[in-house]
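Asks: Make a model of this:
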Amino acid sequence: MTGSAADPRLGVSVTHRRYVPYSHAHYGGNLVDGAYVLGMFGDVATELCIRTDGDEGLFAGYDDVAFRAPVMGGDILEATVTVTRVGRRSRGIEFEARVVCRATPSVSASAAEVLAEPLVVTTATGTVVVPG
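Replies: The predicted structure follows:
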């Protein structure tokens, strides 16, 4: 089935939120590697495929990935994926990861704040494949 503007899967989005444990920070300044966000993207894409096609699907690849701001231990990350294209077996998807809460160690060891505006940390586009 080839997608069109009428395809109900177009524009479908799924969002996950996750706390980033301090144990995942292993670079100076409490930084977390970009692979952490890519792992979240894989998880959110899996749920998207289940919701739109009844199958976990397979991630075929990224067309573009941009790391826009750092992810740090203690962050609360939100990852969203949206269907942008529907082919017979492939789906074009867009990702965005945002920090919605961030630790504030300058206040105290356990202090954190909800950000007034989420901070976009990673964007990507890619393709998933589902059974035909």
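Asks: does the spatially most central residue of the chain have beta-bridge partners, and which?
Replies: By C-alpha atoms, centre = their mean, the mean C-alpha position of the chain lies nearest to A79, the distance being 3.2 Å. Here A79 sits in beta bridges with H16, A97, going by DSSP bridges.
Asks: I'd guessed it sits against G39; true?
Replies: No: if you go by C-beta atoms under 8 Å, A79 and G39 don't touch, sitting 9.4 Å apart. Bear in mind the C-beta positions are built from the backbone N, C-alpha and C, glycine included.
Asks: From P70, how far out is the residue nearest to the centre of the chain?
Replies: Using C-beta to C-beta, to the nearest Å, one obtains 16 Å as the distance from A79 to P70.
Asks: Where do the helices of the protein begin and end?
Replies: Counting by DSSP state H, the chain has these helices, from start to end: 34-53.
Asks: chain center to the lowest-mean-pLDDT helix or strand in it, what's the gap?
Replies: None of the helices or strands of the chain scores lower by mean pLDDT, DSSP states H and E than strand 25-27, at a mean of 93. Strand 25-27 has its C-alpha centroid displaced from the chain centroid by 20 Å (C-alpha atoms, centre = their mean, to the nearest Å).
Asks: G34: how many residues sit nearby?
Replies: G34 has 16 neighbours, counted by other C-beta atoms under 10 Å.
Asks: Can you report how many residues neighbour the closest residue to G92 other than its chain neighbours?
Replies: Excluding its sequence neighbours, the residue lying closest to G92 (C-beta to C-beta, 6 or more residues apart in numbering) is R85, at 3.1 Å. Look at R85: counted by other C-beta under 10 Å, it has 15 neighbours.
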